[in-house]
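1. sequence and predicted structure below; questions after.
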Amino acid sequence: MTEDITRSVIERGDLAHLALFLWAVCASVLALTLVRELGQSNRRFSDFVEEIARLNRRLNGLQNHMRNEAQNTER
C-alpha cells in the first residue's frame, strides 16, 4: 500500500508533497515521543519528591524521639 502511494506521488511529480508528508509524520512521531518522555520524567520526579518527603518524615520522627529521650533523662 505504501509503495503504491509513493509510486503514484512520484509518477505525478508531486515530490514536494511527499517530502512535506514525510516531514509531518516525522515531526508528529517526535512530538509524541517527547510528550511520552515528559510524562515519564514527571512520574520519576514525583517519585523522587515522595521519597524525599518520606525521608524528612522519618528524620523528623527520629529527631522528635531523640528530643523526648533527652528530656526524659533530664528529669
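-> Sure, I can see it. Here the structure is a predicted model, which is why all the values come from computation and not from measurement. Residues are numbered from 1 along each chain as shown.

2. low-confidence ranges, the chain, go.
-> 13, 75 (pLDDT under 70).

3. could you rerun that using 50?
-> Nowhere does the chain drop to pLDDT under 50.

4. do you know how far residue 4 is from residue 11?
-> Computed as C-beta to C-beta, to the nearest Å, the residue 4 to residue 11 distance reads 11 Å. Just so you know, the C-beta spots here come from the backbone N, C-alpha and C atoms, and that holds for glycine as well.

5. if you could redo that for residue 56, that was the one I meant.
-> Distance, residue 56 to residue 11, by C-beta to C-beta: 68 Å.

6. what of residue 58?
-> The gap separating residue 58 from residue 11 is 70 Å, by C-beta to C-beta.

7. with residue 3 instead?
-> 12 Å.

8. before we move on, what about residue 27?
-> The separation that residue 27 has from residue 11, given C-beta to C-beta, amounts to 26 Å.

9. which element, helix or strand, includes residue 69?
-> Taking DSSP states H and E as the criterion, residue 69 maps to helix 15-74.

10. so what does that helix touch, helix or strand wise?
-> Contacts defined by 3 or more C-beta pairs under 8 Å, 6 or more residues apart in numbering; DSSP states H and E place helix 15-74 against helix 2-12.

11. mind exporting the C-alpha coordinates of the helix it packs on to CSV?
-> C-alpha atoms of helix 2-12 as CSV (Å, rounded to 0.1, in the frame of the first residue of the first chain):
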residue,chain,number,x,y,z
THR,A,2,2.8,2.4,0.9
GLU,A,3,4.6,1.6,-2.2
ASP,A,4,1.5,2.3,-4.3
ILE,A,5,1.1,5.7,-2.7
THR,A,6,4.7,6.5,-3.1
ARG,A,7,4.7,5.4,-6.8
SER,A,8,1.6,7.4,-7.5
VAL,A,9,3.1,10.6,-6.0
ILE,A,10,6.4,10.1,-7.8
GLU,A,11,4.7,9.5,-11.1
ARG,A,12,2.7,12.7,-10.8
